[in-house]
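1. how does the following fold in three dimensions:
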Amino acid sequence: MKKCILSVFALLLFTANICAQEGEQAKDSLQIAQEKYEAQAEELKRAKEAEKARKRAEKDRKQAEKEIRKAEKERKREEKARKAADKEEKKRLKLANNITSTQNGIEKDRIKISKLESKLAKGRSKGKLSPVDEMEIEQKINKLNLRIAKGKEKLAKLESMQQ
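-> Have a look, this model is predicted:
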């Protein structure tokens, strides 16, 4: 009987040992599955973070491009305004030069008229001028008076444009 009990006891130990090993294997496979799941979860988390970083970088890049386009547009607008101001300044200077030249032309014609009148008066007083010469000088004076009148009209027009 002692042998039987020892045999049964040995059998029970052997069975317990086998069951214990099977339990460890099940536990190990569960543990392996758990580790795989955790690894996949960690990989998924890293992939999501990488995607977020990529989207953030794309958003930053688009924002930078938008700011560059906006700055370029503003630069073009300023350049256009500067060109318009330069053009307006040139136009104003040209108008001022035209006014000055017209005034100078009128003044030169007046000086010519006064010289011709003095020449005519001297010639008449000395009697050296023929009637044809007197008529030519008077025609020159009349022609210069017409140029002065046209110059005054042009000057009035230019001055009205200046204001």
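2. can you give me the strands in the protein?
-> Residue ranges of strands cannot be listed for the chain, since DSSP state E assigns none.
3. hey, which helix is longest across it?
-> Among all segments of the chain classified by DSSP state H, the helix with the greatest residue count is helix 2-126.
4. against which helices or strands is that one packed?
-> With contacts defined as 3 or more Cβ pairs under 8 Å, 6 or more residues apart in numbering; DSSP states H and E, the packing partners of helix 2-126 are helix 131-162. (C-beta placed from N, C-alpha, C; glycine too.)
5. now do the buried residues in the helix it packs on.
-> Buried positions in helix 131-162, judged by neighbour count with 16 or more other Cβ atoms under 10 Å: 137, 141, 144, 147-148, 151, 155, 158.
6. which of those lies closest to residue 65?
-> Taking Cβ to Cβ as the measure, residue 65 sits nearest to residue 158 out of the buried residues of helix 131-162, at 50.6 Å.
7. for residue 41, see how far away the nearest residue to that closest one once chain neighbours are set aside is.
-> In space, not counting the residues next to it along the chain, residue 158 is nearest to residue 99; the distance is 4.8 Å by Cβ to Cβ, 6 or more residues apart in numbering. When distances are taken as Cβ to Cβ, to the nearest Å, residue 99 and residue 41 turn out to be 86 Å apart.
8. cool, and residue 33?
-> Taking Cβ to Cβ, one finds residue 33 at 12 Å from residue 41.
9. so what's residue 47 up against?
-> Shown here is residue 47, which makes no contacts under the criterion Cβ atoms under 8 Å, 6 or more residues apart in numbering.
10. let me know the pLDDT of it.
-> The predicted local confidence for residue 47 comes out at a pLDDT of 93.
11. again, but for residue 24
-> Note on residue 24: pLDDT of 48.
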